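Peer 1: structure, please.
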Amino acid sequence: MFLSQILYRMSQGVPLFPGSSIRMRWKFRYTIFVGLALLFVIGLVMVWHIPDKSSLHIGKDTGAARDHWEQIAQLVPPVADDKQGSGGVDDLQRLNEMNAIAERMVSIKDRDQLLKDIAKAIEEAKHIIDDKNLEDIKKDIESDKVRIEDEKIQKDLHDKLLIEKDKPHLEVKHLEDTDPLAKERREKVKEMMVHAWRGYRQYAWGANEVRPIAKKPHQAGIFGTAGLGATIIDSLDTLYIMGLKKEFDEARDWVATQFHFDPMGSVSVFEINIRFVGGLLAAYALTGDVVFKNKAVEVVDKLLPAFNTYTGIPMSLINPRSGSLQNYGWASGGQCILSEMGTLHLEFLYLSEITGNPVYLQKVQKIRNHLQSLNKPDGLYPNYVNPSNGAFGSNEVSTGALGDSFYEYLIKSWVQTGHTDLQAKSMYFEALSAMEGKLLQRSKGFTYFAESRNGRLNHKVDHLACFMGGSVAYSAQWSPDPGRYLQLGADIAETCRASYAQQATGLGPETFRFDGGNLRVGERGYILRPEVVETYFYMWRLTHEAKYRDWAWDAVLAMDKHCRAEAGFSGIRDVTSASSSKDDVQQSFFLAETLKYLYLIFSDDSVISLDQWVFNTEAHVLPAKSP
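Peer 2: Coordinates of the predicted model:
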């Protein structure tokens, strides 16, 4: 009777003796209960269920042992059930070992072994209770459950990334141009691509870019402080289009197994989108390989916090690890840039289409709607937008840096959607009309769009702005006056050609300007940019005038002569000097854009047909729907 009262008081957590303050902690009560229960079972087993070795009846004793284990299981509170998926959890495994002991009782040959096993089980139970209380055990189980499920998901995803494929959206034709001269020139461009790739492959694999003279990796600040393999991803569709299967396969395997978008420091939302997202989506569109689609989702999902602003217009820089956002201090005091916010639509729309997730399109459509709603001075789009109130900032307008690809993406959205994005088309032609009226200049045979600041013209032209020749000509077929716009594109192409032809190297400067109608060099460097040969490409496809192929070949020879280095191609510091020094950087866009456009100029029109594909501003190809 006295013992039963003690046990009752222990179970209730009250003082053991009347008038006493002595209480037993929960884990000690639990230990005693388990110990007494096991001792009780031991007694029963020793009295009734341990036969002599000579008269051991296996079947009878098995049932008895299992019956008594069920009694033990009722005395010990369950930590987790099978539905929790706790397989592999260390603490639960220890308790399961007790069940294994009961299952083995019928095969134990002597009492000493049985006692040793039971004593071990008691020690294991005591160890669990001493180290952790029940809540801690449950937390550990849940934590391990999540970890195990994550590991399974990652394994399944890894397997799928390596073997699962969707069907390619469009077949890429590799028809050869029947012109033997075009074939010879195309093969030369292909050789340049192989040379550029091998230099990067040997000296900077996995880094962002290569320094082809120093034979070391090059790290540009726009990619943060970690190597993300920018050249690999930027080169994917160029390698595929050129039929460089071995090189494409090794690039694809690196993406599948080594590429994880977890940059250190801040990265440019704009650059990551056009190079990484564009490159991955192009590779997916060409091959149907889901590794590229899934990696594109991984990247974009980590960019999405940049859109968490008052207007939905993304900040220029994001640190994916910390979540911090910022704009460039030099951008009119930290404002958002027109070309950056307007150069997301093609990629995000396509990503929504192939994933079924509307979030990506919603993000960029909100930007488009906002820009359309703003009052535009003289119908022009200034280069900056205030992130605080969504209004245009300082009244500076340019078709070059800070403005360029905003206009490019408007007309290409019209093409990408199968001529259904009427908003994009109307915004493009309204802007083009305004630029014709306010910025277009013609003097001494030169045609160009000047820049504007508060209504005053600056007759400077960026190399970047030379894309406008191809863009205007490309859009002519959907314009109110196709002949006029096609000729305007051709006139701009002539001007940009002159910026190359007048230099000792045959390469064009980063900027040039017009003084009294004469072309003058501004910034003298050439960093392997593509915009001039991009315009040649469009003009060739649209007109088939031989001069565009000839001009492109002149550019090939100039690059090969002045930019080739032992481990790739480098920019040069002074296009006006035939002996210019090199800047020792092989830009990833040289492989993504410059060489791709040159290769396609000397290829049949069916190779990446303009009826079936659009190029993002990094020359990555995305499918265009049929009208």
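
Peer 1: do you know how far Thr511 is from Gly525?
Peer 2: 9 Å (Cβ to Cβ, to the nearest Å). From N, CA and C alone the C-beta is placed, and that goes for glycine too.

Peer 1: next one: Asp560
Peer 2: As for Asp560, its distance to Gly525 is 18 Å (criterion: Cβ to Cβ).

Peer 1: for Thr617, same thing?
Peer 2: Distance of Thr617 to Gly525, computed by Cβ to Cβ: 21 Å.

Peer 1: of the two, who's got more company?
Peer 2: Each of Thr617 and Gly525 has its neighbours counted (other Cβ atoms under 10 Å); Thr617 has more, 28 against 17.

Peer 1: that one: what's it in contact with?
Peer 2: Ile274, Gly278, Thr343, Asp404, Ser405, Glu408, Tyr409 (Cβ atoms under 8 Å, 6 or more residues apart in numbering).

Peer 1: and these, which two are furthest apart?
Peer 2: For the contacts of Thr617, the maximum inter-member distance is 15.5 Å, found between Gly278 and Asp404 (Cβ to Cβ).

Peer 1: would you mind telling me which of those two has more residues around it?
Peer 2: Neighbours were tallied for Gly278 and for Asp404 using other Cβ under 10 Å; the higher tally belongs to Gly278 (29 against 25).

Peer 1: right, and the more buried one touches Phe615 too?
Peer 2: No: counting by Cβ atoms under 8 Å, no contact exists between Gly278 and Phe615, whose distance comes to 9.2 Å.

Peer 1: which neighbours do the two share?
Peer 2: Taking Cβ under 8 Å, 6+ apart as the contact rule, the neighbours common to Gly278 and Phe615 are Leu622.

Peer 1: Cys563 contacts Ser580, doesn't it?
Peer 2: No: taking Cβ under 8 Å as the contact criterion, Cys563 and Ser580 are not neighbours in contact, 9.7 Å apart.

Peer 1: find residues that contact each of these two.
Peer 2: Both Cys563 and Ser580 are in contact with Ile572, where contact means Cβ under 8 Å, 6+ apart.

Peer 1: those two: which is more packed in?
Peer 2: Set side by side, Cys563 and Ser580 show unequal neighbour counts under other Cβ under 10 Å, the larger going to Cys563 at 26 against 21.

Peer 1: residues contacting that one?
Peer 2: The neighbours of Cys563, taking Cβ under 8 Å, 6+ apart as the test, are Leu507, Tyr526, Leu528, Phe569, Ser570, Gly571, Ile572, Lys582.

Peer 1: quick one: contacts for the last one?
Peer 2: Lys582 makes contacts with Ile213, Cys563, Ala565, Ser570, Gly571, Ile572, Arg573, as judged by Cβ under 8 Å, 6+ apart.

Peer 1: again, only using 10 Å
Peer 2: Arg211, Pro212, Ile213, His562, Cys563, Arg564, Ala565, Phe569, Ser570, Gly571, Ile572, Arg573 (Cβ atoms under 10 Å, 6 or more residues apart in numbering).

Peer 1: give the bridge partners for Thr511, please.
Peer 2: With beta bridges defined as DSSP bridges, Thr511 has these partners: Asp462.

Peer 1: quick one on the thing from earlier: any residues in contact with both of Thr511 and Gly525?
Peer 2: With contacts taken as Cβ under 10 Å, 6+ apart, the residues that reach both Thr511 and Gly525 are His463.

Peer 1: so which of the contacts of Thr617 is the closest to Ala256?
Peer 2: Taking the contacts of Thr617 together and measuring to Ala256 by Cβ to Cβ, the closest member is Gly278, at 18.3 Å.

Peer 1: tell me which element the closest one falls in.
Peer 2: Element membership for Gly278, per DSSP states H and E: helix 278-287.

Peer 1: now Arg442
Peer 2: Using DSSP H and E, the element containing Arg442 is strand 440-443.

Peer 1: what does that strand contact?
Peer 2: Defining contact as Cβ under 10 Å, 6+ apart, one finds that strand 440-443 is touched by 399, 432, 447-450, 457, 459, 461, 488, 491-492, 495, 514, 516-519.
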